[in-house]
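Novice: 3D, please:
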Amino acid sequence: MQILFTMLLTAILVVAMISFAFMAIMRLRRSRAMARQAHELNMRFSASDPLDIARRYANFALVSGGHSPKANNVTFGRMEGRRVSAFDFRYEVGHGTRRLTRHYTVVTVESVRTLPNLIMWNDDDVEAAPLEVRTGDCHLRDWACAGEMDLAAKIASECEDLREIGMSFQVSGTNVMMFAPANRDGVDARRRLAEAVRVAEMVEAFE
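Specialist: So this is what the prediction gives:
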């Protein structure tokens, strides 16, 4: 019986080690891919967080959605004259055996002026939305919304392709943020940043 228990424990440890090694390899591959894209875009890249994302975007619902927020694989620079960034982001909800870590890919665009407030949270990820959005009665296509609904309607009509990957939006202050669960979005910083710039242009043109 003791031998069987030892063999079982050894097998569990081996599987755990293989799993951790695989995850480490996948994280390294993602970092390298994002660093390569940053170079192609003539932008800067850091595997850590030189922008202090959690503090810089503390007023955004995603960033304040839980505890222990952390950003990594940060690309930052300019696109079409606008200050932009793309990064991986995670935070935790709950504690102990009920602790859950949520992972997202995020892009941001900074505008030159103050923008109308808006949140559009994709239905596929709505359990992570703020309570006022999750339980509110404002819903447009596949997004639970709060804020300027005419602007939400314009974004929804122009960004139908982003709905399928679970993309959500928030506009606050001078910034536009787009984010999707990490398992729904791949490594394509150029495309996501270009889309975020397009959304920022729509928001700036809104009256």
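
Novice: Helices of the chain, start to end?
Specialist: Under the criterion DSSP state H, the chain contains helices at 2-40, 53-56, 131-134, 149-158, 160-163, 189-205.

Novice: among these, which gets the worst mean confidence?
Specialist: Among these, helix 2-40 carries the lowest mean pLDDT, a mean of 63.

Novice: wait, isn't H39 in contact with F45?
Specialist: Yes: judged on Cβ atoms under 8 Å, H39 makes contact with F45 at a distance of 7.1 Å. Quick note: C-beta positions are derived from backbone N, CA and C, even for glycine.

Novice: Show me which of the two is the more surrounded one.
Specialist: F45 (22 against 12; other Cβ atoms under 10 Å).

Novice: The residue lying closest to the more buried one once chain neighbours are set aside and F76, how far apart?
Specialist: Nearest non-adjacent residue to F45, counting by Cβ to Cβ, 6 or more residues apart in numbering: A38, 3.6 Å away. For A38, the distance to F76 equals 8 Å [Cβ to Cβ, to the nearest Å].

Novice: Comparing those two, which shows the higher neighbour count?
Specialist: A38 (21 against 17).

Novice: who are the neighbours in contact with the more buried one?
Specialist: A38 sits next to 44-45, 75, 77, 189 when contact means Cβ atoms under 8 Å, 6 or more residues apart in numbering.

Novice: one step back: between A38 and F76, what contacts are shared?
Specialist: R44.

Novice: show me the contacts for N73.
Specialist: 30-31, 34-35, 45, 47, 87-88.

Novice: Serialize the residues you listed to JSON lines and add fields for distance to W121.
Specialist: Listed next are the contacts of N73 as JSON lines, based on distance: Cβ to Cβ, whole Å:
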{"residue": "R30", "distance to W121": "25"}
{"residue": "S31", "distance to W121": "28"}
{"residue": "M34", "distance to W121": "25"}
{"residue": "A35", "distance to W121": "30"}
{"residue": "F45", "distance to W121": "28"}
{"residue": "A47", "distance to W121": "29"}
{"residue": "F87", "distance to W121": "19"}
{"residue": "D88", "distance to W121": "19"}
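
Novice: Of the residues you listed, which is the nearest to E110?
Specialist: F87 (14.1 Å; Cβ to Cβ).

Novice: Quick check: that closest one touching V106?
Specialist: Yes: F87 lies in contact with V106 (Cβ under 8 Å); the separation is 5.5 Å.

Novice: residues shared between the contacts of those two?
Specialist: Between them, F87 and V106 share the contacting residues A71, judged by Cβ under 8 Å, 6+ apart.

Novice: Run the chain-centre distance for stretch 57-67.
Specialist: 11 Å (Cα atoms, centre = their mean, to the nearest Å).

Novice: now the end-to-end length of that stretch.
Specialist: Start and end residues of stretch 57-67 are separated by 14 Å (Cα to Cα, to the nearest Å).

Novice: tell me the average confidence for it?
Specialist: On average, stretch 57-67 scores 94.
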